[in-house]
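*Asks:* got a predicted model here, sequence first, then my questions.
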Amino acid sequence: MTWHPAFEAAAQAAAHRLGSVHLRVLADRLGAGWPEQAVRHAVPVPGFAEVAAAVLTARSVSGLSEREAAAYLRGLAAGHAQRSAATRVESVWSGPSTHPVPVRATAQVLTSLARSARTELLLMTYSATPYRPLLRALTEATARGVAVTVVVETVAGGAGALHGAEPAAAFADVPGVELWHWPVDRRSERPARMHAKIAVADRHALLVSSANLTQSGATRNIEAGLLVHGGSAPLRAAEHIAELQSRGVLTRLGAVG
């Protein structure tokens, strides 16, 4: 069977954006003949409806039957899951380096993840100040169509531990970036802070670090982290953030200056 290039492209984009688990759900709903609206909203996470709509449109244009398209998506999901199962872990450090013990630098890893992302980049940070190399990489990412989401703490959420400009202001000059936060009134216990520092690229690479997205965190301080390629950890991190968004634990942040 000859596959239409538009459908192949949409399916590949769906695999990178959704991961194997949600891609399989899309395939199963499509193969079972669910109505288009029900297929689009089969998984209540941000981005699923948009990706599913692109796949459904490409299927219609290609002339593939629902069963044929579902079979292709299931095979793609199985291959994606197999590739993702191979896991590689590296240590990542900020601060002084030692030649006898080579390690990845935090600044290098952050910009590399931003530049390599093809569909989706998720960042979480407690504090943030303008770090120009990262901001340039994020601007380049949004320009090529990558969905960039940054979850930040707020001065109010910091409850006296954060001072000066809002952390979100560090990303004000990045066009197209989506800013999210954990509203103070959604925190069942206080004080409670949004203290996570992670980066997830295409649900395939995950950086977990002690470093905030600041010049000092990326370069000057001694900070430590782990970079995980493949396996379930990057996907689960992205899915957890998406679930917090869909449940309203994390909400969109308005314009900042």
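*Replies:* Good, I have the coordinates.
*Asks:* and the chain, what are its domains?
*Replies:* The record's domain split for the chain, according to automatic domain parsing, is 5-84, 86-252.
*Asks:* helix or strand right after the lowest-mean-pLDDT helix or strand in the chain?
*Replies:* Within the chain, no helix or strand scores below helix 66-85, which has a mean of 83 by mean pLDDT, DSSP states H and E. Of the helices and strands lying after helix 66-85 in sequence (DSSP states H and E), the nearest is strand 88-94.
*Asks:* okay, now Pro191: neighbour count?
*Replies:* 11 (other Cβ atoms under 10 Å). In this view, the C-beta of every residue, glycine as well, is placed from N, C-alpha and C.
*Asks:* distance check, Ala71 against Thr219.
*Replies:* Ala71 sits 49 Å away from Thr219, taking Cβ to Cβ, to the nearest Å as the criterion.
*Asks:* with Val43 instead?
*Replies:* Val43 sits 39 Å away from Thr219, taking Cβ to Cβ as the criterion.
*Asks:* same question for Met194.
*Replies:* 23 Å.
*Asks:* tell me which of the two has more neighbours.
*Replies:* Counting neighbours by other Cβ under 10 Å for Met194 and for Thr219 shows that Met194 has the greater number, 20 against 17.
*Asks:* wait, the more buried one sits on Trp182?
*Replies:* Yes - with the criterion set as Cβ atoms under 8 Å, Met194 and Trp182 qualify as a contacting pair; they are 4.5 Å apart.
*Asks:* who touches both of these two?
*Replies:* Overlap between the contact sets of Met194 and Trp182, as judged by Cβ atoms under 8 Å, 6 or more residues apart in numbering, is given by Val151, Glu153, Gly157.
*Asks:* most neighbours among these, which one is it?
*Replies:* The member of the shared contacts of Met194 and Trp182 surrounded by the most neighbours (other Cβ under 10 Å) is Glu153, with 25 neighbours in all.
*Asks:* give me the phi and psi angles of that one.
*Replies:* phi -80, psi 160 (degrees, to the nearest 10).
*Asks:* that one touches His195, doesn't it?
*Replies:* Yes - applying Cβ under 8 Å as the test, Glu153 and His195 come out as touching, 7.3 Å apart.
*Asks:* now the common contact residues for those two.
*Replies:* Counting by Cβ under 8 Å, 6+ apart, the residues touching both Glu153 and His195 are Tyr126.
*Asks:* the stretch 51-200 of the chain: helices as residue ranges?
*Replies:* With DSSP state H, counting those that start in this stretch applied, the stretch 51-200 of the chain shows helices at 66-85, 106-116, 132-143, 155-158, listed in chain order.
*Asks:* Gly47 contacts Thr149, doesn't it?
*Replies:* No - under the criterion of Cβ under 8 Å, Gly47 lies out of contact with Thr149, with a separation of 9.5 Å.
*Asks:* quick one: which of these two has more around it?
*Replies:* When Gly47 and Thr149 are compared on other Cβ under 10 Å, the one with more neighbours turns out to be Thr149, at 22 against 18.
*Asks:* what bridges to the more buried one?
*Replies:* Using DSSP bridges, the beta-bridge partners of Thr149 come out as Leu122, Glu178.
*Asks:* tell me how far it lies from Glu178.
*Replies:* Applying Cβ to Cβ, the value for Thr149 to Glu178 is 5 Å.
*Asks:* go on, Arg132?
*Replies:* According to Cβ to Cβ, Arg132 and Glu178 sit 21 Å apart.
*Asks:* more crowded one of these two?
*Replies:* A side-by-side neighbour count of Arg132 and Glu178, using other Cβ under 10 Å, places Glu178 first with 16 against 8.
*Asks:* list the contacts of that one.
*Replies:* For Glu178, the residues meeting the contact criterion (Cβ under 8 Å, 6+ apart) are Ala147, Val148, Thr149, Val150, Arg252.
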